[in-house]
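Trainee: I would like to see how this sequence folds:
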Amino acid sequence: MQESLTIVKIGGNVIDNKNHLPEFLKSFAGIGGKKILVHGGGKIATSIGHQLNIEPDYVDGRRITDDKTIDLVTMVYAGLINKKLVAVLQSLNCQSIGITGADASLIPAMKRRVKEVDFGWVGDPDSKKIPVDRWEIFFQNGWIPVVAPITHDGKGNLLNTNADTIASTLAIALATKYLVSLVFCFEKDGVLSDAKDDSTVLNSLDWTKYNQLKETDKLVEGILPKLKNAFEAKQKGVASVVVGNSSKLTELISGNSGTKILINP
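Mentor: Now for the predicted structure:
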């Protein structure tokens, strides 16, 4: 029987909420068994970027990463945010270790090819190239990886990599050895059938319903990459994928909250 592994992803809106973040981390520390925390931090990177006169540029919810921006996000994601999360988790007796995808080439990636848009120093990871045996070293030693979304291209260049993609790619790779539950946390109770109405939470979402919502502009731009990654993870063998409110982490893991991602029959 496969062992269970829980992968939780949080974004900048959760990280930047000083009132809520400690409770979230306490809930994460209380999760039993093997686990990984993947974090973004785009909101914080944008705020610090404003102070440094580095203005953000997005296409379809994804950040364009020029030379200045890769320095900015590396500093914010891999430094400031990652180590703050580790420090709090350590205070909760959660033996966390802060890493990026670049460390030990734990998440190999390649620079995104230029098509209609040049995203700059943005990386696309490949789940088939994830060194699962290296990740097992963390678990064997009782360490909990806290993953910042920075990778490298093998040519000496750092790459900004979408944190939802990091979480999905890891989940797909590790699903070859573990029974993986993937939880995407954000500030809403789940995916909304009407982005303007918080009461329209969907209990489940399949690809057909997703396309209907997208075609009728019912989904906000920022959730599109999250859902794309959620569906890919479910389609490629991840046991459970759910999207929901970070304040309800325990309920999300138990299946009593959030929006469950389903494969079309």
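
Trainee: the nearest residue to residue 220 once chain neighbours are set aside: what secondary structure?
Mentor: Distances taken as CB to CB, 6 or more residues apart in numbering place residue 195 nearest to residue 220, at 4.6 Å, with adjacent residues excluded. Where C-beta positions appear, they are placed from N, C-alpha and C, glycine not excepted. The three-state label for residue 195, taken from DSSP: H, G, I helix; E, B strand; the rest coil, comes out as coil.

Trainee: retrieve the pLDDT associated with residue 195.
Mentor: Looking at residue 195, its pLDDT is 83.

Trainee: and it, how far from residue 33?
Mentor: If you measure residue 195 against residue 33 using CB to CB, to the nearest Å, the figure is 34 Å.

Trainee: repeat that for residue 121.
Mentor: Residue 121 sits at a distance of 35 Å from residue 33 (criterion: CB to CB).

Trainee: looking at those two, which is more packed in?
Mentor: Taking neighbours as other CB atoms under 10 Å, residue 121 and residue 33 compare with residue 121 leading, 21 against 12.

Trainee: tell me how far the more buried one lies from residue 155.
Mentor: 11 Å.

Trainee: who does the lowest-mean-pLDDT helix or strand in the chain pair with, and is each partner parallel or antiparallel?
Mentor: Ranking every helix and strand in the chain by mean pLDDT, DSSP states H and E puts strand 62-63 at the bottom, with a mean of 80. Note on strand 62-63: by DSSP bridges, its sheet partners are strand 58-59 (antiparallel).

Trainee: any weak-confidence spans in the stretch 1-150 of the chain?
Mentor: Within the stretch 1-150 of the chain, the ranges that satisfy pLDDT under 70 run 61.

Trainee: my read: residue 207 touches residue 234, true?
Mentor: No - judged on CB atoms under 8 Å, residue 207 makes no contact with residue 234 at a distance of 9.4 Å.

Trainee: and for these two, which residues touch both?
Mentor: residue 263 (CB atoms under 8 Å, 6 or more residues apart in numbering).

Trainee: how far out from the middle of the chain is the helix or strand where residue 4 lies?
Mentor: Following DSSP states H and E, one finds residue 4 within strand 3-10. Counting by CA atoms, centre = their mean, to the nearest Å, strand 3-10 is centred 11 Å from the centre of its parent chain.

Trainee: what's the answer for stretch 210-219, then?
Mentor: Using CA atoms, centre = their mean, the offset of stretch 210-219 from its chain centre is 22 Å.

Trainee: and if you look at stretch 205-214?
Mentor: The answer for stretch 205-214 is 21 Å, by CA atoms, centre = their mean.

Trainee: what about dumping the CA coordinates of it to PDB?
Mentor: The C-alpha coordinates for stretch 205-214 follow below in PDB (Å, rounded to 0.1, in the frame of the first residue of the first chain):
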ATOM      1  CA  LEU A 205     -15.500  21.000 -10.900                       C
ATOM      2  CA  ASP A 206     -14.900  19.000 -14.100                       C
ATOM      3  CA  TRP A 207     -13.300  20.100 -17.300                       C
ATOM      4  CA  THR A 208     -16.600  20.600 -19.100                       C
ATOM      5  CA  LYS A 209     -17.900  22.900 -16.400                       C
ATOM      6  CA  TYR A 210     -14.600  24.700 -16.300                       C
ATOM      7  CA  ASN A 211     -14.700  25.500 -20.000                       C
ATOM      8  CA  GLN A 212     -18.300  26.700 -19.700                       C
ATOM      9  CA  LEU A 213     -17.300  29.200 -16.900                       C
ATOM     10  CA  LYS A 214     -14.200  30.300 -18.800                       C
END
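
Trainee: which residues are in contact with the closest residue to residue 94 other than its chain neighbours?
Mentor: In space, residue 94 comes closest to residue 29 once its chain neighbours are excluded; the distance is 4.0 Å by CB to CB, 6+ apart. Shown in contact with residue 29 (CB under 8 Å, 6+ apart): 89, 92, 93, 94.

Trainee: name the element the third one belongs to?
Mentor: Pointing back at residue 93 there. Residue 93 belongs to no helix or strand, assigned by DSSP H and E.
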